[in-house]
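**Student:** Quick one: sequence and predicted model below, then my questions.
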Amino acid sequence: AQSVTQPDIHITVSEGASLELRCNYSYGATPYLFWYVQSPGQGLQLLLKYFSGDTLVQGIKGFEAEFKRSQSSFNLRKPSVHWSDAAEYFCAVGAGDYKLSFGAGTTVTVRA
Amino acid sequence: NAGVTQTPKFQVLKTGQSMTLQCAQDMNHEYMSWYRQDPGMGLRLIHYSVGAGITDQGEVPNGYNVSRSTTEDFPLRLLSAAPSQTSVYFCASSYSRGQGHEQYFGPGTRLTVT
């Protein structure tokens, strides 16, 4: 079965600074990988996804993520954060059976 | 399209009561699922369905029942509510496998069991 680890529970970043959120997965084959964002009191919104091909994927809101098979990682990055990026971020991995496994999430706080 | 809708948004139950959380989608998705979200634990899969008439258990199914009589609806039933079921519940749906299981989430139901 697949699993996901998000090592950072909470990250604080200054507005305008860069952001990187870590995600490590465990799965025997090439996984489907996702990053979701959840604003307070809201549902989950898909930021980006990786299925195959180019290992650097672009998403919405200026986010990107890089799939590194050798490191079993799918880290999320943004060059310059905005106050509206304060939210909880979830990495998820899917196999071939529709089910997704989610990480525990990383809460991002943006300070002025 | 309304996407994935869930009702109610908030619910308070007493221990031992039963209730049904409603979920509907209008995207003709085959796959639907229920998750619960608890602090520090991410989302955990309760039950899922790959089509009308087909359901299966996820990671944390105990205390919950589901059925899928139509493509659009996937209700979650709490049989006898317990305080441990206090959580935020999300319903999700997705396309067929060719889309890589990108899941679309509803807004959630916040349930408190006292």
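**Tutor:** All right, it came through fine. If you're wondering where the values come from, they're calculated on a predicted model, not measured in any experiment.
**Student:** by contact count, what packs against the lowest-mean-pLDDT helix or strand in chain A?
**Tutor:** Least confident helix or strand, chain A: strand A:100-102 with a mean of 89, by mean pLDDT, DSSP states H and E. Other elements packing on strand A:100-102 under the criterion 3 or more Cβ pairs under 8 Å, 6 or more residues apart in numbering or on different chains; DSSP states H and E are strand A:3-5, strand A:87-94, strand B:43-51. C-beta coordinates here come from the backbone N, C-alpha and C atoms, glycine included.
**Student:** what's the most buried one of the ones you listed?
**Tutor:** Of all the helices and strands packed on strand A:100-102, strand A:87-94 carries the top mean neighbour count, a mean of 24, counting by mean count of other Cβ atoms under 10 Å in any protein chain shown.
**Student:** helices or strands up against that one?
**Tutor:** strand A:3-5, strand A:32-38, strand A:73-78, strand A:100-102, strand A:106-111.
**Student:** Return the list of strands paired to the least confident helix or strand of chain A, each annotated with direction.
**Tutor:** Applying DSSP bridges, strand A:100-102 is found paired with strand A:87-94 (antiparallel).
**Student:** What mean pLDDT does the strand it pairs with get?
**Tutor:** For strand A:87-94, mean pLDDT is 94.
**Student:** ok, back up a step: I'd like the helices and strands packed on strand A:100-102 written out as TSV, with distance to residue B:60 added.
**Tutor:** Shown next, in TSV, are the helices and strands packed on strand A:100-102 (distance: least, Cβ to Cβ, whole Å):
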stretch	distance to residue B:60
strand A:3-5	15
strand A:87-94	16
strand B:43-51	5
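**Student:** Dump the helices and strands packed on strand A:87-94 to a markdown table, plus distance to residue A:15.
**Tutor:** Below are the helices and strands packed on strand A:87-94 laid out as a markdown table (distance: least, Cβ to Cβ, whole Å):
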| stretch | distance to residue A:15 |
| --- | --- |
| strand A:3-5 | 28 |
| strand A:32-38 | 17 |
| strand A:73-78 | 12 |
| strand A:100-102 | 27 |
| strand A:106-111 | 5 |
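**Student:** Confidence-wise, which of those is weakest overall?
**Tutor:** What stands lowest among the helices and strands packed on strand A:87-94, in mean pLDDT terms, is strand A:100-102, with a mean of 89.
**Student:** List the contacts of that strand.
**Tutor:** With Cβ atoms under 8 Å, 6 or more residues apart in numbering or on different chains as the test, strand A:100-102 has contacts from A:1-4, A:34, A:36, A:90-94, B:35, B:42-45, B:101, B:103.
**Student:** Report the helix or strand with the lowest average pLDDT across chain B.
**Tutor:** For chain B, judged by mean pLDDT, DSSP H and E, that is strand B:103-105, with a mean of 90.
**Student:** Tell me the strands beside it, with direction?
**Tutor:** strand B:87-94 (antiparallel).
**Student:** between the partner strand and strand B:43-51, how many degrees?
**Tutor:** 40 degrees (axes from the mean of the first three to the mean of the last three Cα atoms, to 10 degrees).
**Student:** Chain neighbours aside, what residue packs nearest to the spatially most central residue of chain A?
**Tutor:** Geometric centre of chain A, nearest residue: residue A:35, 3.7 Å, by Cα atoms, centre = their mean. In space, and not counting its chain neighbours, residue A:35 is closest to residue A:47: 4.4 Å by Cβ to Cβ, 6 or more residues apart in numbering or on different chains.
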